[in-house]
Each structure stands twice: as structure tokens, then as C-alpha cells.
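> after the sequence you'll find the predicted model.
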Amino acid sequence: MDALYLHGGCRPESVVQGERYRFTLLTSRLVRIEYSQDGVFEDRPSQLAVNRAFDVPSFNVQDTPVGLEIHTEHLSLFYDKGPLSPGGLSIKVRSACRGIYSTWRYGEALTENLGGTARTLDQADGAVPLEPGVQSRLQGYSVLDDSASLLLLEDGWVAPRREGTVDLYFFGYGYAYQECIRDFFRLSGSTPLLPRYALGNWWSRFHPYSAEDYETLMDRFREEGVPLSVAVLDMDWHITDVDPRDGKGWTGYTWNRALIPRPTEFLDSLHDRGLKVTLNLHPAEGVQPHEEQYAAAARALGRDAEKRAPIPFDFCDPAFVRTYFECLLRPLEKDGVDFWWIDWQQGEAARLPGADPLWLLNHFHFLESAAQGKRPMIFSRYAGPGSHRYPVGFSGDSVISWASLDFQPFFTATAANIGYGWWSHDIGGHCGGRKDEELMVRWVQFGVFSPIMRLHSTSNLFNGKEPWKFGEPACGILKRFLRLRHQLIPYLYTLNWRCSQEGVLPIRPMYYDCPDQEAAYEVPNQYAFGEELLVCPVTAPADPDLGLGHTVAWLPERLYFDFFTGMRYHGCRKLNLYRPLDLIPVLAPAGAIVPLTAEEEAVRKGTALPVHMDVRIFGGRSGSFELYEDDGDSTAYQSGASAVTRYEFHWGSVENASFQIIPGPDPADVRPQKRQHTLAFVGVNDMDGIEVEAGGDPVSFSHKFDPARNALILDLSPLDSVSTVIVHFPGPLVLAKNAVDHRIFELLNGMRIDYEGKDRIYRCISHSNGADYAFCELQTMGLPSGVLNAIAEILFAQ
């Protein structure tokens, strides 16, 4: 297990120090505050801070016998040089939005923190309290206390802190949310690049599958046209029926050969189906004598295996940690296990001061994974600030309820405030509840536009998440969205790259891009999904009269298009959005470019680099997108084995419009040799006279127009992937108008209101002199508010 690449020490020029205090100016907004009774300060990296080697910011110091002042461009620190106290240490954030809230005093509570995340959603039926993040709207500052966390040693082990020390990090970034999180990543380490397979659909269930049953189930998914990329085996993969003297059977490292008689063949069969495999671990009960690896583990720890005494779990002991990996897990990895699901539920107590067993498990599992020469990944719960270095996060066993679903979009987006970008939820819920097809569909729709998409449920015989266990139309909708998840992987993988390299989280609250807009804080379940999409999940049951799900959205000042229907919306307002069960509000701003895998290929080839791309380009504005690709699994990208393809769209409000596909260097031949593109220009009128060239030569293509979503679609023939492709339009593109009458008809047709009422409404709208006149008349009809609001969405969208 190699140590992380660490830089614990800072630049000496950044330090202002006295006998018992030390301030380190990491940036003009980020300050490390230390106080030590014995005057000894800590330069080793910690759980939170793995890099303190920042450039020295500009600052000045006024030091007198009675006090110390430090001023940067954004902060002013005042300290009386005594023991830390609210009256003796304060920092004013000069760039905060409201000066009255902008001064922090030592020890004060963070009352206006925007929140970070939580350790688990186990048994949660709705909201749970969140730990603090590094963002605050009103106060403009946050503080992370690193005083008790473990230190990371050069030999790869850990050490506790000395007593009597204070070690704080003050973040005073005001509205500069993205800058704040980037500096947090500089301090605490970047998020690793996930393997490509992690972004597909995961199948998980707490169920005693036999190998034959599991293989049959995987084949059924393929027959149903539902792609999967990860097979999760819950605890029944190992022996669970044990002698009570050997524990409860919750912990195990020995294959249950009654269910899986030939483990290596079984895992090979899953790999042959294009699946990666993770096994569940509950390590708390240590190593019991019935385990196949018990004797080897006992010998490695200098124990007498003949006595058959249980080996207690102790991740504070380097010898146990080494034995755990070498004797217990590596033989299973040799069988074909790809990564581990670490299901620790036994609290935070350990014999080493400051040690949390969950953090130790995450840390050493991740290092072990990296040491095997593959791209590291684990699957485990959140263990405090710095946990973003160990993705993917397992949020725990949530209750099946609308309240659980309603909390998860906010919970997932808000985790950006502590840099935790890769939560995986039990999509559909884990336990409790009842069968609810609408709830299941809405949960999967959210899951498809989540960081990780993992179906999961408990062992209850009736609680399956297979789409075909739900009636129509739910079954068909579920399958369509699960296919869409795999279509989205080119886009998702680029978000993965940007998170790792640029510190831009894949999911962010709306206030990250619009921090000074009040409305951005009033839509907690709406979030940015990368730079190109806004997602507004439906998290409540449909209105029984409308048959439509509803959510309140806020659109910043820009033009937007519905990702699915192409309907155009003007921004700079809050509005009600209504959707039938088969749709979720996902909005693309004008100029957005979203690269997808073509549906048929996404079903057939899983997460592989696509040969047939389906690129959506949204009209109204010029835009660009850089698609990142590598082999998706190895670490070769660190040596340059990757490729970037740039898509450029020129809207051409006066001059001719154009679209270009510009492949960058590909030294390792990452891209497929040939690639086919289907280009859908959404929200525009049809146009003739289009020409396409590749490498200067004309290209054959087909041209059609989809009036349902106002999409001009070009199907290009397969071309060398190294060729620059240019689409020439004979003039500027023109925005298409929403088909208001058609959409109103479809809306009314699906409503569960009386036929006469529908007819009156439709005639009023279709024969009116405009939307304003029609709506005024509709308001006199005594219609339910939901009916009026749903109609208003369409009438006033554009």
C-alpha cells in the first residue's frame, strides 16, 4: 500500500507565527489557523489536508505587542495573541454579500451554512441533518475543524494528533462558490477519475441468488433491451449460516458454494456479459474460524490457528490491515472481483484516538485498489471531509417513500459544498413502503440524471426493481430511461473528467452559477447536471385530476429547450412545470451540445466508446463542447492516452450557421477508427441546401425534420474519426415556434377532467387573439388551479 502523493508543508512565506499560534495564508480567502499549547505545529498531511503547497498570496501584517492584524485582498484577521477565544480571534470577509453577517469569531456556530452532506441515509424516510460544507450564503464563510483527524505518514500509515492543539481551515469566499470548491480540492486532493463502467446501470439486490439465477437474470435484462454495467452481489455471496460461536454470519470471506459452486466460472460469465463485479463486505466481526482463509490469516498475525480463536477486526493495526488484504481479499480478487462494497455500519469508535473505522477502511481500500495497477474505485459510505478522494459513495438503506425521493435531489446536489460528487443511492428505495409504479418511475428518472445509477432493494420477495415487475406504461418507461442512462455516458464521462481535472462537480446547486439570485436558493431540488443541462426531478405524486407530475423550476436569464420535447422556454423567471409519467423536466440552454451514444448501440455495447454518436445541439446561441475519451479503465490516460473531440456550433444570427466536429490528437488510438454521427439541431425550423464536408471532401447524409420537437436531423455516413467534419447551412438558422395548439390538445387529452370542460378550454385557446386573451378568459371558468397552471406553462413558455 503506497502513500498518497502528499504535500503537507506550506511555503514559509505564507506563515505568520508566534510562540503558540500559527496562521498560514493559503489563498487570499483561505487561512489555516493553528494554536498549540506546547508551541509545536503540524506539517504532516491529514485526512482533510493533503496539500498545503499553495502559491503565496499577497498580504500584509500589522504586529504590535497587544495584537496582530493580517489583511489580504478579501479578508482581515484580528488576533489578540492569547488563547483562542471569540473576543480574541475574528476574521472579517470583506466580499460577503451582507456586511452585518461577514465577521466570524472563534467558536461561533455556522448558523447560515449551506450544508455539505451526511454519513448515511440508512432508514431515512425523508430529510436528515447535514454536516457543514465550505459554502455560506449570508455569512460568506465556513470553517472546517481538522484538529482531531488522523495524520498521514510517509510510510503509508497514520498517526493521531497531539493533544492540546487546534487546527482550523477558514474559507471566506462569499459568493465565489466555484472558486471555493476548487481551492478545497487543492487543499484536500482532487476527485479521482472513475472507470467508465461506473457510469452505467448497476444491478443490486439483497437476495440469495444462485449463480444460475443471477446469470439468467442478467440475460433477461439483455433480452429486455436494458443495459447494465455493474453486477452487485450483496452479502449472500459468502457463507451466512454459521455456528453462533462464529458470529452472526454478517461478516464473511468464503464463497457460499451452495449458491455459487464455481466462483471463478461465475465471475468469468459475468465479465463475458460485459459486467464488472463488486461484492458486499461487512468486516466488523473480524475473521472467524470457519473461513477458508482463517488459517492463513492467523499465521500471518502470529496466532495459533489450531486454537480457532476469532481474529478481531482492527484497522488500527498495520499487521491486521496487511493480512486483511493479502489473505482475505486478494484471493477473491484473483477469482475475478473487480472492486469492493464496504458496508460499515458500526459507528465511529476505534482504539486509535481520532480514528474512524469507516475512514480507515475507505482510505486503505482505495490505496490497495490503486496498488493493484488498475484505476482505483471503492463503494462505501461518507466518512467526513476528504472522503471525495475515495469514490463512489453509498448513501445507505433508505425507506421506500415519496419523502425519501423528495430529499435525494437536494441531498445529492448539496454534497457539492463539501466536494462529494459521486453519491450512489438505492434507486427505488431499499425497504418499507409499498408497490407504487409512479414512485418507481420518478425515482429512476432522477437516478438516470444522478451521478451513479444503481437499482437496489431488500430481500423481501415482493420488492424487486426489475422493470418487467411493473405494469405498463411503467415498465416501458423504466426501460427507456435505463437505456437513456447508457446513451448519456459520453456526456457523463466528460463530466467525470472535468470533476477530476478542473474541480467542477457533475451535479451542482443552482446557486453555484447564479449566487446573487434569490430564486437560485428557492429551488432546492433543481440542479445543474454538468454545464449543458438543468434537471428538475418530479418528487411528488401526480395531481389526480391532471394525471401530471409537477415541480417548480427557476430558469436563469437565457433561452431554454426541453431536452425531450424541444419546447422552448424564456428564462429569468420561476415557473410551474408539468410532465406526464414518461417525461421529467430536463432543460438545455440555448447553445448547449450534448453528445450521446445512439440508442441501439448503447443497448448492445454497454459503456464502450461509441461508434455511432447521437449529438443534440440546441438552437438560439453559439456553443461548444469538448468530449473527453480514454480507454475508461486503466491509468494510461495519465501518460496521455486520451483524446478530446471539440464540437463547435455557430448559430449565425445574421451570417450562415455552421457546426464542426474537430478531433484533437489521439496518440493512443483511443477513438474508434470510424465514427458515425446523427446530429439533431433542436428548436429550429427546417432548412434545405445543407452541405457537409469531411477533410474538405463532400459527405453523403440523410436529412429529415421532426416536427414533434422541432428538430432538424442529419444522419452522416460513417467517417474516419480523425477527420474534421463541417456542416454548412445556407443561411442563419431560425428558431421554431412552439406548437401551442398541438401541445394544449395533448395536455387536455391526458387530463382526467370532464370532456365538455376540455372542449371549452381548447376552443377558447385555439380561437383566441393571443395567449393573454385566452388566459384571461380561462380564469373566468372556475378551473382548478392545477389545470390553469399546466395550461399557462405552455401558453407562456416562449
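Noted; the coordinates are in hand.
> all helices of the stretch 351-500 of the chain, in order?
For the stretch 351-500 of the chain, the helices defined by DSSP state H, counting those that start in this stretch cover 357-371, 402-414, 437-448, 474-487, 489-502.
> and of these, who's closest to P718?
helix 489-502 (16.9 Å; Cβ to Cβ). No exception for glycine: its C-beta is placed from N, CA and C like everyone else's.
> which neighbouring elements make contact with the closest one?
strand 593-597, strand 623-630 (3 or more Cβ pairs under 8 Å, 6 or more residues apart in numbering; DSSP states H and E).
> just name the most buried of the ones you listed.
Mean neighbour counts were taken over the helices and strands packed on helix 489-502 using mean count of other Cβ atoms under 10 Å, and the top value, a mean of 24, falls to strand 593-597.
> picking up where we left off before, of the helices and strands packed on helix 489-502, which is nearest K469?
In terms of Cβ to Cβ, the element of the helices and strands packed on helix 489-502 nearest to K469 is strand 593-597, at 26.7 Å.
> quick one on the thing from earlier: any chance of the helices of the stretch 351-500 of the chain in TSV with mean pLDDT and distance to F462 as columns?
Formatted as TSV, these follow (pLDDT from 0 to 100; distance: least, Cβ to Cβ, whole Å):
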stretch	mean pLDDT	distance to F462
helix 357-371	96	32
helix 402-414	99	18
helix 437-448	99	13
helix 474-487	99	16
helix 489-502	98	32
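> domain parsing of the chain, as residue ranges.
The chain breaks down into these domains under automatic domain parsing: 12-188, 196-502, 609-728, 738-798.
> for stretch 259-272, the distance to its chain's centre please.
In terms of Cα atoms, centre = their mean, to the nearest Å, the centre of stretch 259-272 is found 30 Å from the chain centre.
> tell me the contacts of the closest residue to T72 other than its chain neighbours?
Among residues not flanking T72 along the chain, S28 sits closest, at 4.0 Å (Cβ to Cβ, 6 or more residues apart in numbering). Counting by Cβ atoms under 8 Å, 6 or more residues apart in numbering, S28 touches 57-59, 72-75.
> what's the spacing between S28 and R558?
Computed as Cβ to Cβ, to the nearest Å, the S28 to R558 distance reads 31 Å.
> switch the helices and strands packed on helix 489-502 over to TSV; also include mean pLDDT and distance to R20.
Shown next, in TSV, are the helices and strands packed on helix 489-502 (pLDDT from 0 to 100; distance: least, Cβ to Cβ, whole Å):
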stretch	mean pLDDT	distance to R20
strand 593-597	99	55
strand 623-630	98	48
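> now those as a markdown table including distance to A148?
Formatted as a markdown table, the helices and strands packed on helix 489-502 follow (distance: least, Cβ to Cβ, whole Å):
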| stretch | distance to A148 |
| --- | --- |
| strand 593-597 | 44 |
| strand 623-630 | 39 |
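> figure out which of those strands is closest to S401.
Comparing the helices and strands packed on helix 489-502 by Cβ to Cβ, strand 593-597 comes nearest, at 32.0 Å.
> moving C-terminal of the closest one, what's the next helix or strand?
Per DSSP states H and E, the first helix or strand lying C-terminal to strand 593-597 is helix 599-605.
> give me the contact list for that following helix.
Taking Cβ under 8 Å, 6+ apart as the rule, helix 599-605 contacts 225-227, 274, 483-484, 486-487, 489, 596-597, 610-612, 614.
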